[in-house]
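[1] For reference, the sequence and a predicted model appear below.
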Amino acid sequence: MKEFKGAYTALITPMKENGDVDYDGYRRLISLQIEKGIDGLVPLGTTGETPTLDDCEEEKLIKTAVEENAGRVPLIIGAGSNSTKHMEGYVKRARDLGADAALVVTPYYNKPNDSGLLKHFEIAAAAGLPIIVYNIAGRTGRNIPTPLMEKIAAISGIVGVKEASGDIIQMMEVIDRIALPRKNSSNPFYVLSGDDAFTLPLLALGGDGLVSVISNLVPEKIKSLVSACLSGNFEEGRRLHFDLFSLMRNAFVETNPAPIKTAMNWAGLPAGPVRLPLGPLSESSEQILRKTLEG
């Protein structure tokens, strides 16, 4: 099984002006990310606007990513749903199409209780692909507290967590109680930051990497930040962190991925518009983002 460490990009899904997926642009982005040294790719996450993609588009995006990547870096495919049945099908689809792992978010809106959530991830892991749990209460309305995460992490096939709770105490607990005891074993548990701005503190505490939004625009800078921290060079890590800090904040001036796609369009990268119900940035948000990129 591959290691899931380092700097990963939560890939956008580029769109044409008519709203169709830009598959050629998608290939270009994948090749560019790998050429710039990114350690892995995460298609079909929230940043990829998965809620607005249909099944045919998702399948073609997975096939395109697998083909263009050609085994060069790990591919973690988003496979979440608030329907356990649908999630299981998405994990199996990712497995059958050649993914290295699946990212399974906490079911959203229906707020499952502990027993239901545990069973949800048992079914995910039984589908035969390494599973990375995605904990993001701000999107789902349901946090996974550490005692429950311990039970989920004990399931065979659960290999890590994308931690976006925003709670540094909880992150410390997960590293201390789950990841560190398994650090040098044959069954490691990887802790990846789900927030760009938490990269430095999480890696200083013993985390393993980052699933980044802003690396869609600056992959080489995110790679340098993560590499410095993983090598223990936190003086350089701090310098790089604060160099990127304004972008880390203002890439979320409105709902992701509208700001990062806007910035990529300005940079001449294939991104295109967001799909409804997301809309273009307001004029004031554009001004904030332009000032950030110019500064």
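    Cool, the structure landed.
[2] Against which helices or strands is the longest helix seen in the chain packed?
    Using DSSP state H to define each element, the chain has its longest helix at helix 234-250. Here helix 234-250 touches helix 199-204, helix 219-230, helix 283-294, going by 3 or more CB pairs under 8 Å, 6 or more residues apart in numbering; DSSP states H and E. Backbone N, C-alpha and C define where each C-beta goes, glycine included.
[3] now what about the shortest one, what contacts it?
    Counting contacts by CB atoms under 8 Å, 6 or more residues apart in numbering, the residues outside helix 199-204 that touch it are 163, 168, 171, 191, 193, 209-210, 212, 222, 225-226, 229-230, 234, 237-238, 241.
[4] distance between it and the chain's centre?
    Going by CA atoms, centre = their mean, to the nearest Å, the spacing between the C-alpha centre of helix 199-204 and its chain's C-alpha centre is 16 Å.
[5] buried ones in it?
    199-203 (16 or more other CB atoms under 10 Å).
[6] go on, the second one?
    Of the residues in helix 219-230, those scored as buried under the neighbour-count criterion (16+ other CB under 10 Å) are 219, 221-230.
[7] Kindly report the same for the last one.
    By neighbour count, with 16+ other CB under 10 Å as the criterion, the buried positions of helix 283-294 are 285-286, 288-289, 292-293.
[8] circling back: nearest to Met15, out of the helices and strands packed on helix 234-250?
    Evaluated over the helices and strands packed on helix 234-250, closeness to Met15 peaks at helix 283-294, with 18.3 Å, by CB to CB.
[9] moving C-terminal of the longest helix of the chain, what's the next helix or strand?
    helix 258-266 (DSSP states H and E).
[10] ok, and what's touching that following helix?
    12, 47, 213-214, 216-217, 250-253, 270-274, 278-281, 285-286, 289-290, 293.
[11] what does the helix or strand of the chain with the lowest mean pLDDT contact?
    For the chain, counting by mean pLDDT, DSSP states H and E, helix 137-140 ranks last in confidence among helices and strands (a mean of 91). With contacts defined as CB under 8 Å, 6+ apart, helix 137-140 is touched by 46, 105-109, 111, 143, 164-166.
[12] Which among these count as buried?
    46, 105-108, 143, 164-165.
[13] gap between the closest residue to Glu220 other than its chain neighbours and Asp196?
    Excluding the flanking residues, the one nearest Glu220 by CB to CB, 6 or more residues apart in numbering is Lys36, at 4.6 Å. Remark: distance between Lys36 and Asp196 (CB to CB, to the nearest Å) = 16 Å.
[14] Neighbour count: the two, which is higher?
    Set Lys36 next to Asp196 and count neighbours by other CB atoms under 10 Å: Asp196 wins out with 24 against 16.
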